[in-house]
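1. Only the shape, not the letters, is given here:
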């Protein structure tokens, strides 16, 4: 997950997501990969990101995800849902927004531009 490094920012994580255009491109589910990624992911932040994106995409995932994840998760349904969210959802156009400063970082063609202006360094 990305964070804002604008000068003077004390709380630049997690960035909020403003979606203008997003798609779901299905890919083969790789549960072992998801299991290896999960310890590195802030699950609460992930659920918040899903909530922000789901207003623009048909993602009934949030209601189906558990409140908390166990470290030894083997539920194929949950792993498949997490795979969809982590690997198949692509925000093509929109903004990442710093929760502290309100600075908007544009997303164009799926690529966020996190370059700071000279006065922000």
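-> Looks like it came in fine. All of these numbers come straight from a predicted model, not from anything done at the bench. Residues are numbered from 1 along each chain as shown.
2. Once you drop chain neighbours, what's closest to residue 2?
-> Nearest non-adjacent residue to residue 2, counting by Cβ to Cβ, 6 or more residues apart in numbering: residue 15, 5.5 Å away. In this view, the C-beta of every residue, glycine as well, is placed from N, C-alpha and C.
3. Also residue 39?
-> Nearest non-adjacent residue to residue 39 (Cβ to Cβ, 6+ apart): residue 71, at 7.0 Å.
4. buried ones in the longest helix seen in the chain?
-> In the chain, assigned by DSSP state H, the helix with the most residues is helix 43-54. Using 16 or more other Cβ atoms under 10 Å as the test for burial, helix 43-54 gives 46, 48, 49, 50, 52, 53, 54.
5. tell me the pLDDT at the residue nearest to residue 2?
-> In the predicted model, residue 15 carries a pLDDT score of 94.
6. Count the residues that sit near it.
-> Neighbour count of residue 15, defined by other Cβ atoms under 10 Å: 24.
7. any idea how far residue 32 is from the most centrally placed residue in the chain?
-> Closest to where the C-alpha atoms of the chain average out (Cα atoms, centre = their mean) is residue 49, at 4.6 Å. Per Cβ to Cβ, to the nearest Å, residue 49 is found 23 Å from residue 32.
8. in the protein, which spans are strands?
-> Under the criterion DSSP state E, the chain contains strands at 16-24, 89-97, 104-108, 111-112.
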